[in-house]
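1. Below are the sequence and a predicted model; questions follow.
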Amino acid sequence: MGALEEARELLREFPVVDGHNDLPWALREQVRYDLDALDIAGDRRDRLHTDLPRLRAGGVGAQYWSVYVPAEQPDPVAATLEQIDCVRRMLERYPADLAPARTAADLETARAEGRIASLMGAEGGHSIANSLGTLRALHALGVRYMTLTHNSNVDWADSATDEPRAGGLTAFGREVVGEMNRLGMLVDLSHVAATTMRDALDASAAPVIFSHSSARAVCDHPRNIPDDVLERLPANGGVAMVTFVPKFVLQAAVDWTAAADENLRAHGLHHLDTSPEAMRLHRAFEERHPRPVATVSVVADHLDHMREVAGIDHLGIGGDYDGTAFTPDGLDDVSGYPNLVAELLDRGWSRTDLAKLTWRNAVRVLGAAEDVARGLQATRGPSLATIGELDGTPGES
Amino acid sequence: MADLQDDIPRTTEVGEDDGLPDDPFRLPPGDLPAGEVPAEDVSAGDLLERARALLAGHPVADGYSGLPWALRHLPGYDLQLGEAAVDTDLPRMRAGHVGALFWSLHLPEGPAGERPVAATLEQLDLVRSVVETHPEGLRLVRTAGQVIDARNRGRIAVLLGPAHGAALDGSLAVLRVLHALGLRVLTLAGTAWAGESGLTRFGEEVVREMNRLGVLADVTGAGPATVQRALALSKTPVLCTRSAARALRPHPANLSDDLLAALGGAKGLCMVPLTAEQTGPAVPDVADHLDHVRDVAGPECVGLSGTYDSGAVHPRELADASRYPHLIAELLRRGWSETELSLLTWGNVQRVLRSADFTARAAQHRREAPTLRISDLDAP
């Protein structure tokens, strides 16, 4: 049996739990949530990384749908609720393929039924507007992880890609982590500064996750996880879900992206600008400087390293599909996971190891968060703390 | 529901409040016209006793409580044993025979705040947590059937709403998510899509989606054009959670006779607030409003709205949630039949909830969830 065939067979038994997929945001941007206009029941590879046939082909058994909204959104809470509504409508529309899931037990049920368990993750503390009541409402709606920050700092936590301000978590930030522990919402440390990662590991009573982050020792980018943090995962019990985004995993792509961003800034534009003018400048730049292409092997290098440092029980997968412009060769879209599993089989990973990577670790960590929550709920009620009480007025140092 | 099924039902009535029971004590029509019962024939004590007996069978479904906002500003509270800092607690609700109440998610500081969605979610979270910490007395419910179920288990049913229309942030998706969290009533007033000139195109979509979901429309405080349009458009009866009779007291939230008649024609429900400002300073003033609304809109279209803990000043003798028997005694004195009273306190709210539940079940098969935002339909 070839490695790819064996990978597919393995994924039928232990499918992928993917930590991060931005399909809801893509549906918002492309068709204003009109699910008729972009029906994912068919092949949508012309416009999306994700559709149901390719999720099936990729051996995906559970997906954390990101309910991401930009921090710059006028009312990020309302926009987050719109994203949640989108996922709920997807679940209503495709009941044969997508199963609503909130618990580890729901994941196992979906696997037994052959449906794709659908969970939600909020990407950035701005989605709760400094309000623990809003955090609890998101949990009640089924959100099962919150990334503490996105690309910019929040009032109570530093991001990996912003100027240090809090130096990690503030007192209110630790309160947020404690309340997430009490609720059974996973603390997601992708996107946060290394200082925030360390503070959150200190503060969290439950295992943490990285929903889509790779290894900094393999590719030096702030979005990746430093070894000293990976080393803490065995004691914490958490899971680092490797991401595929070329500009985070491949040093040449990191350098190329930095040069392309610099090119935009040199023309007086913001480096994340996607206006026609910016895209024209990008295309011209790409003609002069061919874009380095990541491969399956690059991602496998990250996993090999993360396994060395954190151990096999602390790895997972978070592709970031439909949240990134470019993807590696062989991992072009959500149908590509078997290629990664095949590469790891070739590298000598056992079937037991791969079952942990794809399914078991992610299911275990959610169940562990539930156990911690049950314990904490027996000892304390909802936190009524406010950021003003704990940190002083937001924005003032 | 299974979590409390080992409890023994404690109410005196089981399931009889679904319909409109015959009134064996009603006097023949014409024999003793309403409002002309000589007070000296029945002592005040007898009336109060009859009021209590009646309320035991047909408790009050109270249309508006400001408790969530009031509790939010208390450092600690105990509704189970009694809480002097508010007008509503379990002993007083029991004494007042309150069987169900709508907990307002309104934001008294005004809907125009910077973050109406987060503030509404916080109110909602607080209600959930208050109900969870008083499981012996309160139960959070959504449907008419669950109200009955709560009552059969000796719990007071708490319904979520009204919330302010601004809580939608101009998005039907937000409406759906609030409904998923339990919201049952939304006030159609004071927003860009429900202003003085009536409902905009988006406003009409809001009403249609509310019908599809089973969220009741509250038009208290809305302009006449909005009230008329909501009555015409809604496929299920519309509420006024806090409106009395404009003919008796010219408060802006009170309804003119025209609107009361229109509301009655649409089988809507006018819930009369027990506030000095809207109804007057004494029990007979409130009773005058109830008489008037009953006469103009009809006995099936009048309800009660305690409006406790909302910051309002209440009429004398109606200071807190325990006082409903005094009001019912006054209505008995005025000759309200027991059927009319059972509709006023309980039956009408049940009918309106049940109708909304039914409409939603029927509509969900016919209509898909629209994803509109206000900017899609209304020019800025």
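-> Nice, thanks for sending it over. Residues are numbered from 1 along each chain as shown, chains lettered A, B, ... in the order given.
2. from here on, contacts and neighbour counts on C-alpha atoms
-> OK.
3. what sits against the residue in the stretch 151-300 of chain A that chain B sits nearest to?
-> Of all residues in the stretch 151-300 of chain A, A:Leu183 sits closest to chain B, at 12.7 Å by CA to the nearest CA. Residues in contact with A:Leu183 (CA atoms under 8 Å, 6 or more residues apart in numbering or on different chains) are A:136, A:139, A:370, A:373, A:377.
4. Identify each buried residue in the helix or strand where B:Gln228 lies, please.
-> Taking DSSP states H and E as the definition, B:Gln228 sits inside helix B:224-233. For helix B:224-233, a neighbour-count test (16 or more other CA atoms under 10 Å in any protein chain shown) marks B:224, B:226-231 as buried.
5. do the same with stretch B:309-324
-> So, applying 16+ other CA under 10 Å, buried residues of stretch B:309-324: B:309-310, B:312-315, B:318-324.
6. So for it, first residue to last residue, what's the gap.
-> 15 Å (CA to CA, to the nearest Å).
7. what's that stretch in contact with?
-> By CA under 8 Å, 6+ apart, stretch B:309-324 touches B:60, B:65-67, B:69-70, B:86-89, B:92-98, B:274-277, B:280-283, B:286, B:306, B:308, B:326-327.
8. Buried ones among the residues you listed?
-> Counted by 16+ other CA under 10 Å, the contacts of stretch B:309-324 give B:60, B:65-67, B:69-70, B:86-89, B:92-94, B:96-98, B:274-276, B:280-283, B:286, B:306, B:308, B:326-327 as buried.
9. How about the residues of chain A by chain B?
-> A:32-34, A:75, A:77-78, A:81-82, A:84-86, A:89, A:128-129, A:131-134, A:136-137, A:140-141, A:382 (CA under 8 Å from any CA of the partner chain).
10. Out of those, which end up buried?
-> A:32-34, A:75, A:77-78, A:81-82, A:84-86, A:89, A:128-129, A:131-134, A:136-137, A:141.
11. Where does pLDDT dip in the chain?
-> Just going to use chain A. A:394-397 (pLDDT under 70).
12. hm, I was asking about chain B
-> For chain B, the ranges with pLDDT under 70 are B:1-42, B:110-114.
13. Dihedrals phi and psi, A:Leu376?
-> phi -70, psi -40 (degrees, to the nearest 10).
14. That one against A:Met180, yeah?
-> No - look at A:Leu376 against A:Met180 with CA atoms under 8 Å: they stay out of range, at 10.5 Å.
15. These two: who's more crowded?
-> A:Met180 (25 against 18; other CA atoms under 10 Å in any protein chain shown).
16. For the residue lying closest to A:Arg44 once chain neighbours are set aside, list the residues it contacts.
-> Leaving aside its sequence neighbours, A:Arg44 sits nearest to A:Asp51 (CA to CA, 6 or more residues apart in numbering or on different chains; 6.2 Å). By CA under 8 Å, 6+ apart, A:Asp51 lies in contact with A:40-45, A:334.
17. buried set for stretch A:277-286?
-> So stretch A:277-286, judged by 16+ other CA under 10 Å, has buried residues A:278, A:281-282, A:285.
18. next one: stretch A:340-355
-> A:340-345, A:351, A:353-355.
19. before we move on, back to that, among the contacts of stretch B:309-324, which are in helices?
-> Among those, DSSP state H puts B:67, B:69-70, B:92-95, B:276-277, B:283, B:286, B:326-327 in helices.
20. now, among the residues you listed, which is nearest to chain A?
-> B:Trp69 (13.6 Å).
21. Could you report the neighbour count for residue 155?
-> Here I'm looking at chain A. Neighbours around A:Asp155, by other CA under 10 Å: 23.
22. wrong chain, I was asking about chain B
-> B:Arg155, neighbours per other CA under 10 Å, totals 26.
23. For it, give me the backbone phi and psi.
-> According to degrees, to the nearest 10, B:Arg155 has phi -100, psi 150.
24. likewise B:Thr241?
-> According to degrees, to the nearest 10, B:Thr241 has phi -80, psi -20.
25. residue contacts, it?
-> B:63-64, B:162, B:218-220, B:270-273, B:305.
26. Give me every residue in chain B lying close to chain A.
-> Counting by CA under 8 Å from any CA, chain B sits next to chain A at B:115, B:117-118, B:121-126, B:129, B:168-169, B:171, B:173-174, B:176-177, B:180-181, B:369, B:371.
27. Make a ChimeraX selection of the buried ones in these.
-> Of the residues of chain B next to chain A, the buried ones go into a single ChimeraX selection, burial set by 16+ other CA under 10 Å:
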select /B:115,117,118,121,122,123,124,125,126,168,169,171,173,174,176,177,181,371
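28. burial of the closest residue to A:Ala157 other than its chain neighbours, as a residue count?
-> Residue nearest to A:Ala157 in three dimensions, not counting chain neighbours: A:Leu169, with 4.6 Å by CA to CA, 6+ apart. Here the count is done by other CA under 10 Å, and A:Leu169 has 27 residues near it.
29. before we move on, what about the one 4 residues further on?
-> When counting by other CA under 10 Å, one arrives at 27 neighbours for A:Gly173.
30. Now do the contacts for it.
-> Taking CA under 8 Å, 6+ apart as the test, what A:Gly173 contacts is A:156-157.
31. how many other residues sit next to A:Asp36?
-> With other CA under 10 Å as criterion, A:Asp36 counts 8.
32. can you tell me the residue of chain A closest to chain B?
-> A:Gly133 (4.5 Å).
33. For that residue, give me its contacts.
-> By CA under 8 Å, 6+ apart, the neighbours of A:Gly133 are B:121-123, B:125-126.
34. repeat that with 10 Å
-> Going by CA atoms under 10 Å, 6 or more residues apart in numbering or on different chains, A:Gly133 touches A:139, A:382-386, B:118-126, B:129.
35. Tell me which helix or strand it sits in.
-> helix A:132-140.
36. Same question for A:Tyr145.
-> Judged by DSSP H and E, A:Tyr145 forms part of strand A:143-147.
37. Given that strand, what are its sheet partners and their directions?
-> strand A:116-123 (parallel), strand A:186-188 (parallel) (DSSP bridges).
38. now the first one and helix A:132-140, what's the angle there?
-> What that stands for is strand A:116-123. Orientation check (axes from the mean of the first three to the mean of the last three CA atoms, to 10 degrees): strand A:116-123 against helix A:132-140 gives 170 degrees.
39. Identify the residue of the stretch 101-250 of chain B closest to chain A, quick one.
-> B:Glu122 (4.5 Å).
40. for the helix or strand hosting that residue, packing partners?
-> Assigned by DSSP H and E, B:Glu122 belongs to helix B:116-132. Contacts defined by 3 or more CA pairs under 10 Å, 6 or more residues apart in numbering or on different chains; DSSP states H and E place helix B:116-132 against helix A:76-93, helix A:132-140, helix B:67-72, strand B:98-103, strand B:138-140, strand B:156-160, strand B:163-164, helix B:172-180.
41. After the longest one, which helix or strand is next?
-> What it means is helix A:76-93. Taking DSSP H and E, what comes next after helix A:76-93 is strand A:98-100.
42. Let me see the ranges of the helices in the stretch 201-350 of chain A.
-> Counting by DSSP state H, counting those that start in this stretch, the stretch 201-350 of chain A has helices at residues A:227-230, A:233-236, A:246-249, A:251-266, A:276-288, A:296-310, A:337-346.
43. Please work out which of the ones you listed is packed deepest.
-> helix A:246-249 (a mean of 26; mean count of other CA atoms under 10 Å in any protein chain shown).
44. Show me what that one is in contact with.
-> Contacts of helix A:246-249 (CA under 10 Å, 6+ apart): A:213-216, A:218-224, A:242-243, A:252-258, A:292-295, A:298-299, A:301-302, A:324-329.
45. how does it look with 6 Å?
-> A:219, A:221, A:253-254, A:294 (CA atoms under 6 Å, 6 or more residues apart in numbering or on different chains).
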